[in-house]
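>>> Got a sequence here, can you build the structure:
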Amino acid sequence: MMQSASVKRIEDVSALRARQFAEDAGPMSHPIRPESYISMDNFYTATVYSKGAEVVRMYRTLLGKEGFRKGMDLYFKRHDGNAVTCDDFLAAMADANGVDLSQFSRWYSTSGTPTVTYDSKYEGESKTFYLTFSQESNNPDPLHIPVSVGLLDKVSGEEVSPTQVLNLKEKVQTFQFTGLDGDVVPSVLRGFSAPVKLVRSTKGSVGDASADEEKNWAFLAARDTDGFNRWEAGQKLMTSLIFQTMRQEESLRTLEYVFEAFGRTLGMDSVDYSIQAYALSLPPESTLAEELDVVDPVALHAARGNVKKTIARKFYSEIRAKYDELTVAMQSINTSDIQLDAVSIGQRRLRNVLLDYLCCIKDTCEEREVASKLAFSQFQAANGMTDKYSALSCLVSMDGEQDVVSRREGALQKFYDDAAGDPLVLNKWFSAQALADLPDVLDRVKTLVDHPDFTLSNPNRCRSLVSAFSMNAAHFHAQDGEGYRFLARMVAEVDKLNPQMSSRMGGGLIQWRRYGKERGALMKGELEKLSKLKPISNDLFEVVSRGLK
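Numbering: from 1, shown residues only. Take a look at the predicted model:
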């Protein structure tokens, strides 16, 4: 049995937001068909591949399954075996379906992530619901954006208008839904029908959701028939609570919404464990950062950690019971071979999410003892990489008493020994340590640079340590700037060996404008040093020079 379509969509969109949205927000932002470049190597990017795939997916959303297939058939009939362009693909889709896609073609030449804002109202006398959208992008002309929408009755929760695709083609456009006996809650951008940022027009400052908006998210998290949007609503509630915590303005209302959604999801009686796992997971820091105009990674990390701990303490016994239930179920399978069906994959995914919650409770020596024992027990019993690496990822962030440290170091040594030189497994060993949440993590990374199994000449090994550390945001962006200096030194060394790799690594410094005055100045200073390298590759020069513009 394959995993559900909703699970796949959640995974794809999470990856898009983590990498491509960040790329769109920085100085290396470019359309999926770049107009110019210094080094083409710098444009094998998440924008070209991931956003490009989203544009192809939008054709299917607009034309339907049969229309998309007709377009593909004509495309292959015309061009099989030939070199082609984006325009050839668009022409095949348009001609096969007899539609004008000239406005849609603007997606290919527009950089950045468009923002779609919406507002709604219901008029009881006419039984009509109005949904108004506006769009903003880096294109002066409006894009053709497919917005999939469903409507749920505000009282019963029943779906009164199934998913339909609205063609947003104007800067501001209103759609009417008639014949509705009562007010409704709109489920907007179902299935993430377009690679855009969606916001409600009533939203205030960053992370400041209105009471009505949060009420609607809680409603959709419980009742939406679209699996992606049900997950998305829960993520928005968690995001709102994290930002409130960061501002020290926690709302009991929001906390109760999050508790309600978490408890309901944890108690689900379903074999779709992957959906359950994703719904219980907090939004990653990289996704949260994209919602902020100015990012304080240390404060964001602390706020997210505090919310996770609050949830874990509230539901500790229920989380532990579910974890133990899954452990027994997985151990009852009469084989030592790893199971690769969707149910087994989901069970592992859910159990590891629960382990992460259980192991974040470590404020006292007793709690650290319990958490480290649990993670070490899973590490020892694991018969596959997923469970072993998840347990190791929990252990590497534990410190304190000698027994706790012994379990951490014992697991690291065991993981290294079991790798037996396998390069992929060793990469994971390096990454786990680079991503650890320990105050001295940078010192540990610097020590690992001198490890006999580490080399800058191997791109994957370099990524596993140096690039992984640059994604450990709270520690990479430490106020003293030492993380920036370390990365710049590594970039300078790598540029002598692999310009493609050095340009990718240098991208970790180019968004300095988003990190406040002090951090920004330190990041910019390291970019300026890199710009003066003699010699410097075209790849790195392009990234650095665009970062300094």
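>>> Next, count neighbours for D95.
Residues within reach of D95, counting by other C-beta atoms under 10 Å, total 15. Any C-beta I mention is one placed from the backbone N, CA and C, and that applies to glycine too.
>>> ok, it - contacts?
Neighbouring residues of D95 by C-beta atoms under 8 Å, 6 or more residues apart in numbering: L74.
>>> Using the three-state scheme, assign it.
Secondary structure for D95, judged by DSSP: H, G, I helix; E, B strand; the rest coil, is helix.
>>> Give me the residues contacting the host helix or strand of S503.
If you go by DSSP states H and E, S503 is part of helix 499-506. For helix 499-506, the surrounding residues in contact (C-beta under 8 Å, 6+ apart) are 39, 41-42, 459, 462-463, 466-467, 470, 487, 490-492, 494-495, 527, 530, 537-540, 542-544, 547.
>>> so what does the top helix by length along the chain touch, helix or strand wise?
In the chain, with assignment by DSSP state H, the single longest helix is helix 52-79. On a contact count with 3 or more C-beta pairs under 8 Å, 6 or more residues apart in numbering; DSSP states H and E, helix 52-79 meets helix 86-97, strand 145-153, strand 159-168.
>>> Wasn't S105 part of a helix?
Yes. Applying three-state DSSP, one finds S105 inside a helix.
>>> Contacts only, for the residue nearest to it when sequence neighbours are not counted.
Leaving out its chain neighbours, the residue that sits closest to S105 by C-beta to C-beta, 6 or more residues apart in numbering is L90, at 5.6 Å. Contacts of L90 were listed using C-beta under 8 Å, 6+ apart, and they are 101, 104-105, 108.
>>> Output the helix holding S503 as CSV - backbone C-alpha positions only.
The C-alpha trace of helix 499-506 is given here as CSV (Å, rounded to 0.1, in the frame of the first residue of the first chain):
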residue,chain,number,x,y,z
PRO,A,499,33.2,26.2,-6.9
GLN,A,500,29.7,24.8,-7.2
MET,A,501,29.9,23.7,-3.6
SER,A,502,31.4,26.9,-2.3
SER,A,503,28.7,29.0,-4.0
ARG,A,504,25.9,26.9,-2.4
MET,A,505,27.6,27.2,1.1
GLY,A,506,28.1,31.0,0.6
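>>> Mind checking the pLDDT average for the strand or helix carrying N229?
Using DSSP H and E, N229 sits in helix 227-246. Averaging pLDDT along helix 227-246 yields 96.
>>> Stretch 396-416 now?
97.
>>> circling back: and the longest helix of the chain with strand 145-153, angle?
Interaxial angle, helix 52-79 versus strand 145-153 (axes from the mean of the first three to the mean of the last three C-alpha atoms, to 10 degrees): 120 degrees.
>>> where's helix 52-79 relative to the chain centroid, distance-wise?
Helix 52-79 has its C-alpha centroid displaced from the chain centroid by 27 Å (C-alpha atoms, centre = their mean, to the nearest Å).
>>> tell me the angle of it relative to strand 159-168?
Going by the same axes, to 10 degrees, helix 52-79 makes 70 degrees with strand 159-168.
>>> what comes up buried for helix 52-79?
Across helix 52-79, burial judged by 16 or more other C-beta atoms under 10 Å covers 52, 54-55, 57-63, 67-68, 70-72, 74-75.
>>> the inter-axis angle of it versus helix 86-97?
70 degrees.
>>> Pretty sure L241 sits against E250.
Yes. At 7.2 Å, L241 and E250 qualify as touching, with contact defined as C-beta atoms under 8 Å.
>>> between those two, who's got more neighbours?
Neighbour count, other C-beta under 10 Å: between L241 and E250, L241 has more, with 28 against 17.
>>> Name the helix or strand for F175, please.
In this assignment (DSSP H and E), F175 forms part of strand 172-177.
>>> Contacts for that strand, please.
Contact partners of strand 172-177, identified using C-beta under 8 Å, 6+ apart, comprise 128-134, 149, 151, 161, 166, 184.
>>> Which strands and helices lie in contact with the helix or strand following it?
Counting by DSSP H and E, the next helix or strand C-terminal to strand 172-177 is strand 184-188. Counting contacts by 3+ C-beta pairs under 8 Å, 6+ apart, strand 184-188 is packed against strand 115-123, strand 128-136, strand 145-153, helix 211-223.
>>> Let me know which of the ones you listed is tucked in deepest.
strand 145-153 (a mean of 22; mean count of other C-beta atoms under 10 Å).
>>> For that one, which strands pair with it and how are they oriented?
strand 159-168 (antiparallel), strand 184-188 (antiparallel) (DSSP bridges).
>>> how close does E214 sit to T239?
Here E214 is placed at a distance of 11 Å from T239 (C-beta to C-beta, to the nearest Å).
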